[in-house]
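Student: what's the 3D shape of this:
(chains A and B)
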Number of protein chains: 2
Amino acid sequence: MRPRAVVLLSGGLDSATTLAIARRDDYDCHALSLDYGQRHHAELDAARAVAAQLGAVEHRIMRLDMGPYTGSALTDPGIAVPETPAPGIPVTYVPARNTIMLALALGWAEVLDAEAIHIGVNALDYSGYPDCRPAFIDAFQNLADVATRRAVEGSRIEIRAPLIHLSKAQIIRLGVSLGVDYGLTVSCYQASASGLACGRCDSCRLRRQGFEQAGIPDPTRYLV
Amino acid sequence: MRPRAVVLLSGGLDSATTLAIARRDDYDCHALSLDYGQRHHAELDAARAVAAQLGAVEHRIMRLDMGPYTGSALTDPGIAVPETPAPGIPVTYVPARNTIMLALALGWAEVLDAEAIHIGVNALDYSGYPDCRPAFIDAFQNLADVATRRAVEGSRIEIRAPLIHLSKAQIIRLGVSLGVDYGLTVSCYQASASGLACGRCDSCRLRRQGFEQAGIPDPTRYLV
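Tutor: Coordinates of the predicted model:
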């Protein structure tokens, strides 16, 4: 029996690549997406397509009502998605998102008796989010090492962030070599219902730049 | 303006006492409960009553679909709640529950710009759960110290577990001195819809013992 891994899958470029890496490393991959009231569902549709394309054993979408969490442009329709970079933590930051996603993955990993959790965070093109830094992943590993049944019983759930030190261009080259179809993925913060990208938000900008630097044709369907 | 705290409120004895302590310590308290498909809703009804009695500024119930999480007697109707103590981690353990609750509280604390999160975990009468140990709270504090906007900006969200070293009897004495009405709280793992306690599960047993040892009349409404 192959070891199991939970893979956090947003439907974007990074998490698709992360799933491909976990498959390469011979894990049975249980993909997990979170429906937290994103502006659009194109992202979750993309996650479904990616999970199927890359051979996840299963794909679950957990629903979380984040009603009390206002203040992020990614969940609050009253806040505009910025189209020019600004210093500091951007308004697209969702409070504690990666902490919450890893916590949910940890619970599911316990149920599955999985050996690892994969998350596609990235420290270079990280847009200034505090929960994309290597120190964050290390701190969550330390937490997992005391929080679980496995911890009490002397084994471990490993938190893997295989993209953490890669540039967007390196991620794209690696993903292409592993057969990722980036045409299925949606990175845009304000994609249309059918998955068309705006081409102007921070996430679109980083993605477009990544394909250019990788020298790989960009399969993204842009609105303009 | 008083400092704000998020207080995790399950509707049980420990979290009610924790809310009373946070109020005593002069926090504006924002109570948070999680509806994760508990066997019964008496617990959430109790949380509402406790929040009102103890003067929380607000009380939110977040809904989380824990469909993929099977294997706990507290969420899976196919598993019986045990009525005799057994060694090891009991089947009433919900995988990563406190990690998930603290993660959700952390996000809300960020939104509120709260200074603290209060959780009513207890290391003595902890029923063998890995995520009720002091090492778990320390590890979550370390995580919070890197995961948030506050962390990047040089301040802190403090994780407070004021009951962690108290016995059930000490908790009850403290709560009574702070005006907690324990008749409103529900600890039973299999309470009836109207909040009657079974009197036989692990949680009922610890609670009943606590009132006996504290020498305080037990206001719990038992089924038998």
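
Student: Put the alpha carbons of the helix or strand of chain A with the lowest mean pLDDT into CSV.
Tutor: Counting by mean pLDDT, DSSP states H and E, chain A has its least confident helix or strand at helix A:149-153, which shows a mean of 82. Extracted in CSV, the C-alpha atoms of helix A:149-153 (Å, rounded to 0.1, in the frame of the first residue of the first chain):
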residue,chain,number,x,y,z
ARG,A,149,-2.9,11.0,17.8
ARG,A,150,0.1,10.1,15.7
ALA,A,151,2.2,12.4,17.9
VAL,A,152,1.1,10.7,21.0
GLU,A,153,1.8,7.3,19.5
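
Student: helix or strand right after that helix?
Tutor: Sequence-wise, the next helix or strand downstream of helix A:149-153 (DSSP states H and E) is strand A:158-160.

Student: Any part of the lengthiest helix in chain A near chain B?
Tutor: Counting by DSSP state H, the longest helix found in chain A is helix A:97-112. Yes - contact of helix A:97-112 with chain B (C-beta under 8 Å from any C-beta of the partner chain) involves A:97, A:98, A:99, A:100, A:102, A:103, A:104, A:106, A:107, A:108, A:110, A:111. Backbone N, C-alpha and C define where each C-beta goes, glycine included.

Student: In CSV, list those along with neighbour count and pLDDT.
Tutor: Shown next, in CSV, are these (neighbours: other C-beta atoms under 10 Å in any protein chain shown; pLDDT from 0 to 100):
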residue, neighbour count, pLDDT
A:97, 23, 88
A:98, 22, 93
A:99, 29, 95
A:100, 25, 93
A:102, 32, 97
A:103, 26, 96
A:104, 28, 94
A:106, 26, 95
A:107, 26, 92
A:108, 20, 93
A:110, 26, 91
A:111, 19, 89
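
Student: Could you single out the nearest of those to residue A:222?
Tutor: residue A:97 (25.4 Å; C-beta to C-beta).

Student: returning to that earlier point: from the chain's centroid, how far away is the following helix or strand past the longest helix of chain A?
Tutor: Once helix A:97-112 ends, the next helix or strand along the chain (criterion: DSSP H and E) is strand A:116-118. Distance, stretch centre to chain centre, for strand A:116-118: 12 Å (C-alpha atoms, centre = their mean, to the nearest Å).

Student: quick one: is the helix or strand following strand A:116-118 near chain B?
Tutor: Sequence order places helix A:134-147 as the next helix or strand after strand A:116-118, per DSSP H and E. Yes - Helix A:134-147 reaches chain B (C-beta under 8 Å from any C-beta) through A:135, A:136, A:139, A:140, A:142, A:143, A:145, A:146, A:147.

Student: Please identify the buried residues of stretch A:172-190?
Tutor: A:172-176, A:180, A:182, A:184-190 (16 or more other C-beta atoms under 10 Å in any protein chain shown).

Student: Do me a favour and get the end-to-end distance for that stretch?
Tutor: End-to-end span of stretch A:172-190 (C-alpha to C-alpha, to the nearest Å): 21 Å.

Student: returning to what we had before: helices or strands up against the longest helix of chain A?
Tutor: strand A:4-8, strand A:28-35, strand A:116-118, helix A:134-147, helix B:97-112, helix B:134-147 (3 or more C-beta pairs under 8 Å, 6 or more residues apart in numbering or on different chains; DSSP states H and E).

Student: what sits up against the first one?
Tutor: By C-beta atoms under 8 Å, 6 or more residues apart in numbering or on different chains, the residues outside strand A:4-8 that reach it are A:15, A:18-19, A:22, A:27-33, A:56-57, A:101-102, A:105, A:108-109, A:112-120, A:160.

Student: What are the buried residues along the following helix or strand past it?
Tutor: Note on strand A:4-8: by DSSP H and E, the next helix or strand toward the C-terminus is helix A:13-24. Across helix A:13-24, burial judged by 16+ other C-beta under 10 Å covers A:13, A:14, A:15, A:16, A:17, A:18, A:19, A:20, A:21, A:22, A:23.

Student: wait, which of those residues is closest to residue B:46?
Tutor: Closest to residue B:46 out of the buried residues of helix A:13-24 is residue A:15 (38.9 Å), distances taken as C-beta to C-beta.

Student: Can I get stretch A:122-141 in CSV, CA atoms only?
Tutor: What follows is stretch A:122-141, C-alpha atoms only, in CSV (Å, rounded to 0.1, in the frame of the first residue of the first chain):
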residue,chain,number,x,y,z
ASN,A,122,5.8,29.9,-1.8
ALA,A,123,8.1,32.3,-0.1
LEU,A,124,9.4,34.2,-3.1
ASP,A,125,6.3,35.2,-5.0
TYR,A,126,4.3,35.2,-1.9
SER,A,127,2.6,38.6,-2.2
GLY,A,128,3.6,39.6,1.4
TYR,A,129,1.3,37.1,3.3
PRO,A,130,2.7,36.2,6.7
ASP,A,131,1.5,32.6,6.4
CYS,A,132,3.5,31.8,3.3
ARG,A,133,6.9,32.1,5.0
PRO,A,134,9.2,29.1,5.9
ALA,A,135,9.0,30.0,9.6
PHE,A,136,5.2,29.5,9.4
ILE,A,137,5.6,26.0,7.9
ASP,A,138,8.1,25.1,10.6
ALA,A,139,5.8,26.4,13.3
PHE,A,140,2.9,24.3,11.9
GLN,A,141,5.1,21.2,11.8
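
Student: what's in contact with it?
Tutor: In contact with stretch A:122-141 (C-beta under 8 Å, 6+ apart) are residues A:14, A:88-90, A:92-93, A:96-99, A:102, A:119, A:121, A:158-159, A:161, A:163-168, A:171, A:202-203, A:206, A:210, B:139, B:142-143, B:145-149, B:151-152.

Student: Out of these, which end up buried?
Tutor: Buried members of the contacts of stretch A:122-141, scored by 16+ other C-beta under 10 Å, are A:14, A:90, A:92-93, A:96-99, A:102, A:119, A:121, A:158-159, A:161, A:163-164, A:166-168, A:171, A:202-203, A:206, A:210, B:139, B:142-143, B:145-149, B:151-152.

Student: Please convert the buried residues of helix A:13-24 to a markdown table, extending it with distance to residue A:196 and pLDDT.
Tutor: Below are the buried residues of helix A:13-24 laid out as a markdown table (distance: C-beta to C-beta, whole Å; pLDDT from 0 to 100):
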| residue | distance to residue A:196 | pLDDT |
| --- | --- | --- |
| A:13 | 16 | 95 |
| A:14 | 20 | 96 |
| A:15 | 20 | 97 |
| A:16 | 18 | 98 |
| A:17 | 21 | 98 |
| A:18 | 24 | 98 |
| A:19 | 23 | 98 |
| A:20 | 24 | 98 |
| A:21 | 27 | 98 |
| A:22 | 29 | 98 |
| A:23 | 28 | 98 |
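
Student: Reformat these as CSV; add distance to chain B.
Tutor: Shown next, in CSV, are those (distance: C-beta to the nearest C-beta, whole Å):
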residue, distance to chain B
A:13, 23
A:14, 18
A:15, 17
A:16, 21
A:17, 23
A:18, 19
A:19, 17
A:20, 22
A:21, 22
A:22, 18
A:23, 20
